[in-house]
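Chemist: Return atomic coordinates for the entry below.
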Amino acid sequence: MPTLSKRMKQAKELVNPTVTLPLRDALKNISKFPKVKFDETVELHFHLGIDLKATDQAVRGTVALPHGVGKKVRVAVFCTGDNVQKAKDAGADHVGGADLVTKVTGGFMDFDCVVATPDMMREISKLGKVLGPRGLMPSPKAGTVTTDVVRTINELKAGRIEFKSDKQGGIHVGIGKRSFNEDQLVENATQVIDAVNHAKPNSVKGNLIKTLAVSTTMGPGIKVTL
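Modeler: Have a look, this model is predicted:
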């Protein structure tokens, strides 16, 4: 059984596992946790009431965070023709067509998000085994396969994030940094919660979100009242 660090023990002492708190109070408690040497990400952890065997009950979507994610987002764009210069002018970090596909195949992964134009998807399919496991495969549902590369790049740079239910029926997503003030975290979190509820599949009966918790990268979870 792993031994808890002194810092984690101190943090756990501030959390009552049997109590759920309103969102703002839960985020306020996080600010009391002992600090670490880096600016931790504040995360939401959803447990959804979906049938894991039903493919039509997967939950997926995107949401723009009012205050961003608190870090520079590196965007790679797969495109050709006039879109190459448009993507560069919009601030994309890496732009290319077949040449960028070859580069990524060789191990290059210096990006956080991937955008592609529809005409590049045949080439992109070669990267399924590389991008898929990392959740980076562009998708029309996520809005990352698009003809409007400028708008998509701007949204990603400003703090648009993607969420997707996993094989355990959970969604885990960062909503900002611990250095954010309380109002910024509450507003970002509220946007994500609303977006997840809005993405509820028609075949799901009752409430989509069964439980919700908030935590920091290195801290324990605090249950949030729904």
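Chemist: what sits against V114?
Modeler: 75-78, 131, 136-138, 144 (C-beta atoms under 8 Å, 6 or more residues apart in numbering). Where you see a C-beta, it was placed from the backbone N, CA and C, and this is true even at glycine.
Chemist: What separation is there between N16 and G68?
Modeler: 32 Å (C-beta to C-beta, to the nearest Å).
Chemist: For those two, indicate the residue with more neighbours.
Modeler: Between N16 and G68, counted using other C-beta atoms under 10 Å, the more crowded position is G68 (19 against 12).
Chemist: and the nearest residue to that one once chain neighbours are set aside, what does it touch?
Modeler: Once flanking residues are discounted, G68 sits nearest to G159: 3.4 Å by C-beta to C-beta, 6 or more residues apart in numbering. Under the criterion of C-beta under 8 Å, 6+ apart, the neighbours of G159 are 64-69, 73.
Chemist: Include distance to R151 and secondary structure when you put these into JSON lines, please.
Modeler: Shown next, in JSON lines, are these (distance: C-beta to C-beta, whole Å; DSSP: H, G, I helix; E, B strand; the rest coil):
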{"residue": "A64", "distance to R151": "12", "secondary structure": "strand"}
{"residue": "L65", "distance to R151": "17", "secondary structure": "coil"}
{"residue": "P66", "distance to R151": "18", "secondary structure": "coil"}
{"residue": "H67", "distance to R151": "20", "secondary structure": "coil"}
{"residue": "G68", "distance to R151": "17", "secondary structure": "coil"}
{"residue": "V69", "distance to R151": "18", "secondary structure": "coil"}
{"residue": "V73", "distance to R151": "15", "secondary structure": "coil"}
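Chemist: Could you pick out the buried ones from those residues?
Modeler: Buried subset of the contacts of G159 (neighbour count, 16 or more other C-beta atoms under 10 Å): 65, 67-69, 73.
Chemist: biggest separation within the residues you listed, which pair?
Modeler: H67 and V73 (13.5 Å; C-beta to C-beta).
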